[in-house]
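Colleague: Requesting a structural model of the entry that follows:
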Amino acid sequence: MQNPNNRLAGQTAIVTGANSGIGEAVATGLGRDGANVVVNYISHPEVAEEIAHRISLDNLCGDAIAIRCDVSKEDQVQAMFKQTINHFGTVDICVPNAGLQRDAALHEMSLADWQLVLDVNLTGQFLCAREAIREFLRRGMRPEVSKSIGKIIHMSSVHEIIPWAGHANYAASKGAIVMLMESICQEYAHHKVRCNSIAPGAIKTEINRLAWDTEESLKKLNKLIPYKRIGIPEDIGSAAVWLASDESEYVNGTTIFVDGGMTCYPGFTTNG
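Modeller: Down below sits the predicted model:
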């Protein structure tokens with residue numbers, strides 16, 4: 001369904017890890033609000049191309065293309081930004097969303113699995129944010145499309161503040177995003193760069209299918225969610241569109257938790 005607001009018309013967004021789950025919902029939401037969209041992927045190019053095609057059909061103002069890039073590789077991130085700028089002219093919105101898990105008890109976790117998660121989930125976000133800021137500063141303000149010079153929306157997790165046994169590499173990567181995001185805000189806000197994070201709670205995606213695909217597992221999961229429903233990717237997409245728009249112009253350096261109240265620690269409802 002078309003969004004009549006077209007709040008992002010004339011702007012271009014890069015969304016990493018956009019060929020499934022949360023990334024797909026974010027890319028689709030940005031496109032429906034009028035932005036050109038780069039659907040980044042690392043595998044399954046046919047899926048990414050189909051998503052880009054669908055966004056293009058739904059978008060009254062802009063277009064979408066798919067670009068392959070391993071966000072943990074500096075040269076590939078730089079090439080993705082160069083291709084985007086060559087195609088669309090600039091980048092206005094960057095959503096470093098790509099992430100993965102390699103779970104294990106800490107004493108059994110390999111260095112390779114630790115490093116892979118940090119490389120993708122943290123270094124990948126640094127590389128994308130750095131290239132976005134370079135482009136924002138090179139291009140300068142475009143007051144006809146936005147009150148901000150550019151917007152970065154990091155994808156974090158409730159596990160930036162909730163410890164997660166068996167997932168130390170993942171939790172550490174998300175915890176570090178807080179300081180990355182806040183440091184970017186502190187350093188570049190005077191240039192009118194806006195940098196925020198979205199911290200999803202339990203969202204119905206393939207990465208956590210075991211936590212919701214049976215009635216029993218879903219019931220157990222809902223004990224952690226005061227709102228008593230698992231989130232869907234579109235819940236995150238809606239938040240990302242708002243953060244990318246001028247409606248949130250004075251929101252900078254903060255994390256928005258989209259979690260149904262999970263960070264309110266429902267286990268303490270009855271005094272713990």
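Colleague: Give the phi and psi angles for the residue lying closest to residue 106 once chain neighbours are set aside, as a check.
Modeller: Nearest-residue entry for residue 106: residue 168, 5.1 Å, with adjacent residues in sequence omitted and distances by CB to CB, 6 or more residues apart in numbering. All C-beta atoms are positioned from the backbone trio N, CA, C, and that covers glycine. Main-chain dihedrals, residue 168, degrees, to the nearest 10: phi -60, psi -40.
Colleague: any idea how far residue 168 lies from residue 207?
Modeller: Separation of residue 168 from residue 207 (CB to CB, to the nearest Å) stands at 17 Å.
Colleague: Among the two, which residue is more densely surrounded?
Modeller: Neighbour totals were compared for residue 168 and residue 207, and residue 168 leads with 17 against 13 (other CB atoms under 10 Å).
Colleague: Is that one in contact with residue 109, as I believe?
Modeller: Yes - when contacts are counted by CB atoms under 8 Å, residue 168 is listed as touching residue 109 (6.8 Å).
Colleague: The longest strand seen in the chain pairs with which strands, and in what direction?
Modeller: Counting by DSSP state E, the longest strand found in the chain is strand 193-200. Each strand that pairs with strand 193-200, with its direction, by DSSP bridges: strand 150-155 (parallel), strand 255-258 (parallel).
Colleague: For the longest one, C-alpha coordinates in PDB please.
Modeller: Yep, that's strand 150-155 we're talking about. The C-alpha coordinates for strand 150-155 follow below in PDB (Å, rounded to 0.1, in the frame of the first residue of the first chain):
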ATOM      1  CA  GLY A 150      22.200  12.800   6.700                       C
ATOM      2  CA  LYS A 151      20.800  10.100   8.900                       C
ATOM      3  CA  ILE A 152      22.400   7.000  10.300                       C
ATOM      4  CA  ILE A 153      20.200   4.400  11.900                       C
ATOM      5  CA  HIS A 154      22.200   1.600  13.600                       C
ATOM      6  CA  MET A 155      20.400  -1.700  14.200                       C
END
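Colleague: Identify the residues contacting whichever helix or strand comes after that strand?
Modeller: Using DSSP states H and E, the helix or strand that follows strand 150-155 towards the C-terminus is helix 168-188. For helix 168-188, the surrounding residues in contact (CB atoms under 8 Å, 6 or more residues apart in numbering) are 99, 101-103, 106, 109, 113-114, 117-118, 121-122, 125-126, 129, 133, 152, 154, 156-157, 159-164, 193-197, 199, 252-253, 255.
Colleague: Swap in 6 Å and give it another go.
Modeller: 101, 106, 114, 117-118, 121-122, 154, 156-157, 159-160, 164, 195, 197, 252-253 (CB atoms under 6 Å, 6 or more residues apart in numbering).
Colleague: so who does the closest residue to residue 33 other than its chain neighbours touch?
Modeller: Of all residues beyond its chain neighbours, the one nearest residue 33 is residue 8 (4.5 Å), with distances taken as CB to CB, 6+ apart. Contacts for residue 8 (CB under 6 Å, 6+ apart) come out as 33-35, 244.
Colleague: in what helix or strand does residue 8 lie?
Modeller: Using DSSP H and E, residue 8 sits within no helix or strand.
Colleague: Phi, psi for it please.
Modeller: Backbone torsions for residue 8, taken as degrees, to the nearest 10, come to phi -110, psi 20.
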